[in-house]
Structures are given as structure tokens and as C-alpha cells.
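sharing a model prediction with you, sequence too.
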Amino acid sequence: IGSYQVLYAEGTSAYYEEDWRTAVDKLERALADYNEVKKAKETCYKECSDERASIPGDYVDDEQLHFFHALLERSSCRKKCNKKLMGEEYNLSEKVSKKINEVMSSGEIHIFIQYSLYNLNNVTGGAAHAATHLYLSPGSSPARANMEYYQSLKELSESDFKPLYSKAYRDLYVEGQALYNSDEYEKMVDKVEEALLEYYIEIEKCRLECEGPQEFNGSKFFAEAMWSHHHSYLQCQYDCPEKLGDFRDDDTHRVNFLGSFYHYLTYGYFNIKRMKDAAKAVMTHLRIEPNSKIAVMNKGYIKQQPGITIKDFVEREDAKSLLDRMEKEKKVLDMLERLSKRDIADVPVSEEDKNDEELLEEDFNKFPVIKEEEFEMKEEKVSEEKPAEKEESKEDDTKNKVVVLETAADHGGVHRVLLDNLITQEQCQSFLELTKNCVEGDGYQRKSPHTPHEKFEGLHVLDAAKGAVRKTIKKELAQLYLDASELVRSALVEQFNLSRPLFFSYTHLVCRTGLLSSSDRHDLSHPVHADNCVQEEHNGECYKRQPAYTWRDYSAILYLNDDFEGGKFFFAHSQFDTTPQHYVTPKCGRMVGFSAGKENMHGVTAITKGRRCAVALWLTLDPRHRETTFDEAQTLLNGVF
Ligand SMILES: O=C(O)CCC(=O)C(=O)O
Ligand SMILES: [Fe+3]
């Protein structure tokens, strides 16, 4: 066993070669093998739980460390399981395996099988796989879209849309609901208790799946990877009830299983006059949903029942152990957040809930304040020796090696960096080929966002990936877009020494074409601005508020060409004093990166001839503003139809 990785690889390549029969055969075997490994792993993992008992005494005082230690201990035991089951190969292909596991557990693999069957004219088989995918990932829009397609086919009927396998807790839950509707409370309570048992088994399985390699964000930097690993591991476990509950009863209603189990039980036990059990159920319901008005009311009713005392209102053990664990996980997650915030105190942290005044004061203390003299010095240096020329002389002997032209130290500690040769000439050429797929506008519905004298066009990562799937864009070009973006991201992490993950927040391949010659241009291609705040004229302050993208923490532009006139990037003091402080001349492979706040006001001079293309990237430290489309793009490229 453990061969599903190979089978999956063979199956997907057959899929891309449109050898549908081989694809179905290999992928179905991959799925069967995966399920077998998963079962064996679950058994082996269970044995690891005992290891949690042996924890050195000196940690016992500190609850968080105690908990952390137990995590590590169990983790190493489970690693042994993985090795045993997957063979040595597992070590080499941990990353691959993580991705494949996701494809399997989310049901994404059914997309491949479904589409292959469809191409073999087996629509019944296709429908069953589409139904299975939707069952496993009810929130997925491709799953919904595929299902709708099959439902529109006349030759199929309702019985063709049964998932190939189902989860016991969900089926039992539905049966319980039916019994409730027909007032059969005795039976209903049994059914729901049974469903609940199955549910907790499923929760354990879900938590086990978090074991093993977690999201590393592709980082090669130890601090970032460490933080990322622990955070995503804990978050993954913490989210299990949500993952299990994330399906709809019908098209509008989202079910929170955990809460509603105890809600049903409260009703059921109340109706069959098992008041003590009803009291326990309602207390549990209240812990899960403290704001539930119905639960509060139910508690009131139960209180008035004869024979019931305050001592009866205790939580049930089954939920308690899960909820206690989650509470501890939350504590460690918060601790991780706090730790990482401490060592990035000199970069802007988006805190939407603070008011502007407070934020302003804090920002002042947070940023290294650059003295006026340092600005002057910098400007002199620029006018004496244009950076563009200085760099060009270096070019030949540093071919294809990233060159750091300027670091934060060159800028008085302000987060700015300039790199060359991040990508090669050939890669720039490929990028320019990709720009043929740009569409007019800034991606936010504005056609000429900055000046009417230039044509503005762009292409999103996700649209590039979609193009690759539709075969209107070469797959390599879309992959290059993703890979180059990752290069930029890790360059920023490295240059600014970040110790927590930096996420893509918005990525856009952009070309600007000048429509007027230089004598007719009196404006800029892009007026001076900061990327995460709006500057007020009356006091010159830059406020983190709408319409600025306040969560953007870092910005980077990767340039692709130089065959145009004008279009120089520059840093300036402010929107109201736009005297360029420092120019960057675009050329292939050059990247400028900077923190996105008011310390880095910047603009672009008018493009008076030709077309200027660049990848603009904005990144965030706040996972809530992570560009999920970026991951979607990679998933699509990995082979989703
Ligand atoms: O293209 C450039 O050089 C900079 C663009 C920019 O600052 C922006 O889009 O926010
Ligand atoms: Fe900008």
C-alpha cells in the first residue's frame, strides 16, 4: 500500500493525455488505496494517544507548554506510523503527499473521474462521482456546477445522484430529523445519540488528517516555516467541527451540527420526560452556542420541572472533552499570534477595530522615524549617480543571479528593497506572451484608473489558470506567473527578515500603454500614493481607512520590459510634495519591494511611448485577507477541469 501517489500521478497524466480509460482505472485504484492507507493510519495513530501520558514534570506548571509538549510527542509517534505505512518514499514526497491527500479527502479526485467517465459516454457513472464530490465538499462551486450540469441531462433520474459513499453521522442525523418531524421522540433520541457517536468518530478522523505535513507556504525560511507549520496544524484541528458542519440541508440553510445535535436532544429528552438528560443537553448546547435564545428559553423550562435541581445542569462529557481541547488550541493559536506580532513591531499590522486616532499614534511609535537629513543625503546620491546606470554596469557578470541593489539599510531602515535578475530574459519574454491575454481595466471595474492618457490592461492569476484549463493559455505560462509570484514573496520574506507567513493578497499582471507623446503629457501614469492608506490634504496624514486596502502590508512590482519611454517608478515624500526622492527604472527581472504604508509614498511617471508591463503584488500578514484565488489557481493548474 501507499502506492496511491504513483497511481494518482499516472492517472492524472493519462487524464491530460485524454486517455480516459486509463485515467479512470488508475484514479479509481488510487482512491481505493488511499482509503485503505487512511484506515491503517487511523489505527496506528490511535495507539499514539497513550504517549501523551508521559510528559516531564517540570512542564506541568505551564499549561500552554504542557499542551505543546504533548502535541510534539504525539506528532513524532504519528510520524513513525506514516513511515511504516508509506515507506521511505514518504519522506521524499511529503509535499506531494499532502497535496494529494487534500485532493482525495476533499473529493476533488472525483472531478477527474467524473469528467473521464463523461468522455467515455458513461454519464451515469459521471453523475455518481459528481454527486460524491458535492457530498464531500458541499461548499465547492465547481462541484455544484458539475452537479447542475448532470441534473440538466434528461436521461438521468434522481436515483443516479446518490453519492458513492456516505458518512454515517449525516445519514443518521437526517433520519433523526424525520423522526422528530413525526413526533417519535423516543426513537429520535436514540437516533441522534447514535449520530452523535458517529460524529465524534468523524471529528477524530478529521483531526488526524491534520497530522503530517501542513501548509508551509512554500517557505524555505525556518522562522516563517515553523510558525506556519504550528499555526496551520492547530488551526486545521480547531476547524474540524466547522469542516464537518459545512454542508447545507437544502439550498439556503447552513447546518451547525454540533449545536443542533444537542438542540434536538434537549427537545427529545424533554418530551420523553428524561429531565436530567434534557438539562445536560441544554447546558452543552449553551456552551456551543452561548447566544442561542432558544437554548436559554429551554433551560428556563427545564428548570421549572419537578425533581430538577441546579446540580443537574452540567455539560455532557462527550462535548466537554472536545470543547476543552479546542479552547486550549485557541489559546496556543492566540499565543502564536502574539509572539509573531512582537517581532514584527516595526511593520504595519492591520488592526481594523482600532480607530484612526489610536492607530496614528501607534504608527508613529512603530516606524523608525526617518530624519530629514537622511532624505537629503539619499536624494543627493540619486542625482549624482543614477541607480539605473550604476546597475547596468554590473549586469554581465551577475547574469541570472539575484542581485540585491539596495536594502532597508540603504533607506535609513525604511522597508524598501531593489533586486535584479529575479527572473531571466526568457521568462520575461514568456510573460510578455502571457500579456496578450490581458483585459482592459484595473480588475476593479475601472477602465482607466489613473490617467485617461494610457490604456490599462491586466490579468489575474486565477484567470491565467482558468485560461490554462480552457487551453487558451499555455499551462507553462500560467505556472510561470505563479512561480514568479512566489519568488517575489519569498524575496520579501528574506529581505525584510519576516518571521511570520506573508500571504498573497492581490496579484495582477499589468500593462500600461502611452497614448500621447511627451509634449502633451502633464500628468503621471500613477499619482503619488501609499498602498494601504489615504492621505489627507489638511494635515498630510495617511489614514488606514476606506477606500484604501488597509490590510496590505507589503507591495512589490516585478518589471518585465524596458522598451517604452517614461514610466519610471519613484518614491516621494507625499501626495502633496511629489518631488521624486528616488527613481527605479523598470527593466526585465527587476523588482522593487516595500512596506505598503505612508513611509513609502510612490508613483509612476507618464508613459509617453510604448507598453510597460509588470507584475504588481500586494501581500498581507493577515491570513483573513489572504488571496484564496491564488491557491485555487494552483489547484486548477494541478489538473481540475
Ligand atoms: O507599476 C508600478 O511601478 C507601480 C504601480 C503601483 O504603485 C500600484 O499599482 O499601486
Ligand atoms: Fe502602489
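Nice, thanks for sending it over. Everything quoted here is computed from the prediction, not taken from an experiment. Ligands and ions are numbered 1, 2, ... in the order given.

extract the residue ranges of the stretch 351-500 of the chain that are flagged as low pLDDT.
351-413, 443-448 (pLDDT under 70).

please enumerate the helices of it.
For the stretch 351-500 of the chain, the helices defined by DSSP state H, counting those that start in this stretch occupy 356-366, 372-384, 387-394, 425-434, 461-470, 475-495.

could I have the fourth one exported to PDB, CA atoms only?
As requested, the backbone C-alpha atoms of helix 425-434 are provided in PDB (Å, rounded to 0.1, in the frame of the first residue of the first chain):
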ATOM      1  CA  GLN A 425      15.200  37.300 -20.200                       C
ATOM      2  CA  GLU A 426      13.400  34.200 -21.500                       C
ATOM      3  CA  GLN A 427      11.000  34.300 -18.600                       C
ATOM      4  CA  CYS A 428      10.200  37.900 -19.300                       C
ATOM      5  CA  GLN A 429       9.600  37.000 -22.900                       C
ATOM      6  CA  SER A 430       7.200  34.300 -21.800                       C
ATOM      7  CA  PHE A 431       5.400  36.800 -19.500                       C
ATOM      8  CA  LEU A 432       5.100  39.200 -22.400                       C
ATOM      9  CA  GLU A 433       3.400  36.400 -24.400                       C
ATOM     10  CA  LEU A 434       1.100  36.000 -21.500                       C
END
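
helix, strand, or coil at the residue nearest to L502 when sequence neighbours are not counted?
Spatial nearest neighbour of L502, chain neighbours left out: L619 (5.0 Å); criterion: C-beta to C-beta, 6 or more residues apart in numbering. Every residue, glycine included, has its C-beta placed from N, CA and C. When classified by DSSP: H, G, I helix; E, B strand; the rest coil, L619 comes out as strand.

number of residues surrounding L619?
Close neighbours of L619, defined as other C-beta atoms under 10 Å, add up to 28.

now for it: which residues touch it?
489, 492, 502-505, 552-556 (C-beta atoms under 8 Å, 6 or more residues apart in numbering).

now do the same end-to-end measure for stretch 616-626.
The straight-line separation of the ends of stretch 616-626 (C-alpha to C-alpha, to the nearest Å) is 16 Å.

report the buried residues of stretch 461-474.
461-468, 473 (16 or more other C-beta atoms under 10 Å).

output the residue of this structure whose distance to ligand 1 is smallest.
F569 (3.9 Å; C-beta to the nearest ligand atom).

partners of that residue in the sheet?
V584, V604 (DSSP bridges).

quick one, what contacts it?
By C-beta under 8 Å, 6+ apart, F569 lies in contact with 557, 583-586, 592, 602-604.

restrict the residues you listed to the buried ones and give me that as a ChimeraX selection.
To isolate the buried ones among these in ChimeraX, judged by 16+ other C-beta under 10 Å, type:
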select :557,584,585,586,592,602,603,604
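
out of the contacts of F569, which touch ligand 1?
557, 602, 604 (C-beta under 6 Å from any ligand atom).

dump these to CSV, plus distance to I203 and pLDDT.
CSV is the format used below for these (distance: C-beta to C-beta, whole Å; pLDDT from 0 to 100):
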residue, distance to I203, pLDDT
I557, 45, 97
H602, 49, 94
V604, 52, 95
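
just to revisit the earlier point, distance to ligand 1 added to the buried residues of stretch 461-474, as CSV?
Below are these laid out as CSV (distance: C-beta to the nearest ligand atom, whole Å):
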residue, distance to ligand 1
V461, 16
L462, 18
D463, 18
A464, 18
A465, 22
K466, 23
G467, 22
A468, 25
I473, 22
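
out of those, who's nearest M104?
Ranked by distance to M104 (C-beta to C-beta), those are led by A465 at 21.1 Å.

any idea which element the spatially closest residue to the closest one that is not a sequence neighbour lies in?
In this structure, A465 finds its nearest non-sequential neighbour in A633, 3.7 Å apart by C-beta to C-beta, 6+ apart. Per DSSP states H and E: A633 is located in helix 628-637.

and the angle for that helix with helix 475-495?
When axes from the mean of the first three to the mean of the last three C-alpha atoms, to 10 degrees is applied, the directions of helix 628-637 and helix 475-495 differ by 140 degrees.

how about residues contacting stretch 270-285?
Residues external to stretch 270-285 that are found in contact with it (C-beta under 8 Å, 6+ apart): 185-186, 189, 259, 262-263, 265-266, 269, 292, 295, 298-299, 301-302, 305, 307-308, 312-316, 319-320.

give me the buried entries from the residues you listed.
By neighbour count, with 16+ other C-beta under 10 Å, these hold 185, 189, 259, 262-263, 265-266, 269, 292, 295, 298-299, 302, 312-313, 315-316, 319 as buried.

let's have the ones next to ligand 1 among the contacts of F569 in JSON lines, adding distance to L172.
JSON lines is the format used below for the ones next to ligand 1 among the contacts of F569 (distance: C-beta to C-beta, whole Å):
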{"residue": "I557", "distance to L172": "55"}
{"residue": "H602", "distance to L172": "59"}
{"residue": "V604", "distance to L172": "61"}
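
closest one of the residues you listed to N497?
Of the ones next to ligand 1 among the contacts of F569, the one sitting nearest to N497 (C-beta to C-beta) turns out to be I557, at 20.7 Å.

I109 touches V103, doesn't it?
Yes: with contacts defined as C-beta atoms under 8 Å, I109 counts as touching V103 at a distance of 5.2 Å.

residue contacts, the closest residue to G107 other than its chain neighbours?
Distances taken as C-beta to C-beta, 6+ apart place L136 nearest to G107, at 3.1 Å, with adjacent residues excluded. Neighbouring residues of L136 by C-beta under 8 Å, 6+ apart: 105-107, 110, 163.

do I have it right that G458 meets C511?
Yes: if you go by C-beta under 8 Å, G458 and C511 touch, sitting 7.4 Å apart.

give me the common contacts of those two.
With C-beta under 8 Å, 6+ apart as the test, G458 and C511 both reach C438.

what about V592, which helix or strand?
Going by DSSP H and E, V592 is part of strand 591-595.

report all helices and strands that that strand contacts.
Helices and strands touching strand 591-595, by 3 or more C-beta pairs under 8 Å, 6 or more residues apart in numbering; DSSP states H and E, are strand 416-420, helix 475-495, strand 554-559.

how many neighbouring residues does K187 have?
Neighbour count for K187, taken as other C-beta under 10 Å: 16.

checking it next. Helix, strand or coil?
helix.

all helices of the stretch 151-300 of the chain, in order?
Ranges of helices in the stretch 151-300 of the chain, per DSSP H, counting those that start in this stretch, are 168-181, 185-209, 222-238, 240-245, 257-271, 275-288, 293-303.

now the longest helix seen in the chain, how far from the chain's geometric center?
Longest helix of the chain, by residue count under DSSP state H: helix 20-48. Taking the mean of its C-alpha atoms, helix 20-48 sits 26 Å from the chain's own mean (C-alpha atoms, centre = their mean, to the nearest Å).

for stretch 131-142, same thing?
Using C-alpha atoms, centre = their mean, the offset of stretch 131-142 from its chain centre is 19 Å.

quick one: mean pLDDT over it.
Rounded to a whole number, the mean pLDDT of stretch 131-142 is 79.

same thing with stretch 182-190?
Stretch 182-190 shows a mean pLDDT of 94 in the predicted model.

again, but for stretch 14-32
Mean predicted confidence for stretch 14-32 is 91.

before we move on, what about stretch 47-58?
52.

one more: stretch 265-285?
Summarised as a single mean, pLDDT over stretch 265-285 is 94.

endpoints of that stretch, how far apart?
One end of stretch 265-285 to the other measures 9 Å (C-alpha to C-alpha).

show me which residues of that stretch are buried.
Along stretch 265-285, these residues count as buried under the neighbour rule (16+ other C-beta under 10 Å): 265-271, 274-285.
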